[in-house]
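K.L.:
based on what follows, work out the 3D shape:
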Amino acid sequence: MRRALRILVAASVAAAASAAPSARAEAPPTLQLPEPALLARTQVAPAEPGPEYYRLPPSDRWLATRVAVGGGVRASGPFAYDGAFALDLGLSARIGLGRRREFGWALMPDFGYANLALGAPSRSHSFLAGVGLGLLNGGTAFGVVPRFVVGNEAGRSALGLRTGVVIDGVFEPGVLLEIAHTVTWQDTSAAHDVRLLVGLDPTLFFTPRRCHLGIAGRSTGGCDR
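P.N.:
This next block holds a predicted model:
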């Protein structure tokens, strides 16, 4: 019985071996890829941040004192006169807006004292304060500057408005030319004056430099020759 069982197992193993493939399956062919070509190197300059406008330097900004003299004519109102001596003492600034270009907008604040000799016994004393808007090109500024007027004339209080066309930096830095119209009110009467003034920045006699205001985040201020 055992012998018969062994014969049966051997026959089963022989049948299974005869059913297996006689040759191993051939391996798939290897894919041969060509060597990649080298790319040419190119030099790429890093782009500077922001548009061209933001790479421009800030516009000029400066402070100046003013001593101006000239003449005035009263067009209408009390104390009429054909001509009078005019004197201005003041402090002004030219504050360029944005970035420097050939021309740029600028704020033109102005504070000071004005005296107009109307002849005995009348004399006008006024304090001025205002801010104008103009164009700035390097050391030259051109604009219209309105200023409030508070003072007195012939011993009586007066309020008014002075509007001047100002050219700062005529011929040389620190030389100023202004033609202005002033209207002043006393009680119910109004007077209209026209003045022509030529001024200088006295600090130019002590230093040949124009002092610039500091620009926050970029400089602490200083003077450029």
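K.L.:
quick one: the strands in the chain?
P.N.:
Secondary structure of the chain, counting by DSSP state E: strands at 61-76, 84-96, 104-117, 123-137, 140-153, 156-168, 175-186, 189-200, 210-212, 222-224.
K.L.:
tell me the mean pLDDT over the third one?
P.N.:
Computed over strand 104-117, the mean pLDDT rounds to 89.
K.L.:
do stretch 151-160 as well
P.N.:
Rounded mean pLDDT across stretch 151-160 is 86.
K.L.:
who touches that stretch?
P.N.:
With contact meaning Cβ atoms under 8 Å, 6 or more residues apart in numbering, stretch 151-160 is reached by 79, 114, 118, 121-127, 148-150, 182-187, 191. Yep, even glycine has a C-beta here, placed from its N, CA and C like the rest.
K.L.:
ChimeraX command for the buried members of those?
P.N.:
The ChimeraX selection below is limited to those of the contacts of stretch 151-160 classed as buried (16 or more other Cβ atoms under 10 Å):
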select :79,114,118,122,123,124,126,149,182,183,184,186,191
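K.L.:
since we're on the nearest residue to residue 110 once chain neighbours are set aside, how many residues are nearby?
P.N.:
Beyond its immediate neighbours in the sequence, the residue positioned closest to residue 110 (Cβ to Cβ, 6 or more residues apart in numbering) is residue 92, lying 4.6 Å away. For residue 92, the neighbour count with other Cβ atoms under 10 Å is 22.
K.L.:
for residue 92, name its beta-bridge partners.
P.N.:
Residue 92 has the following beta-bridge partners by DSSP bridges: residue 64, residue 110.
K.L.:
could you shift the numbering so residue one becomes 18, and keep it that way?
P.N.:
Let's use 18 as the start, then, which means that last one is residue 109.
K.L.:
quick one: contacts for it?
P.N.:
Per Cβ under 8 Å, 6+ apart, neighbours of residue 109: 80, 81, 82, 83, 125, 126, 127, 128, 129, 185.
K.L.:
if you set the cut-off to 7 Å instead, what comes out?
P.N.:
Contact partners of residue 109, counting by Cβ atoms under 7 Å, 6 or more residues apart in numbering, are 81, 83, 125, 126, 127.
K.L.:
quick one: residues contacting the first one.
P.N.:
Taking Cβ under 7 Å, 6+ apart as the criterion, residue 81 is in contact with 109, 191, 218.
K.L.:
quick one, what contacts the last one?
P.N.:
Shown in contact with residue 218 (Cβ under 7 Å, 6+ apart): 81, 82, 83, 191.
K.L.:
how much space separates it from residue 154?
P.N.:
In this view, residue 218 and residue 154 are 18 Å apart by Cβ to Cβ, to the nearest Å.
K.L.:
tell me where this structure is predicted with low confidence.
P.N.:
Low-confidence segments of the chain (pLDDT under 70): 18-44, 62-76, 97, 117-119, 135-139, 224-242.
K.L.:
compute the distance between residue 158 and residue 45, please.
P.N.:
According to Cβ to Cβ, residue 158 and residue 45 sit 85 Å apart.
K.L.:
neighbour count: these two, which is higher?
P.N.:
residue 158 (27 against 6).
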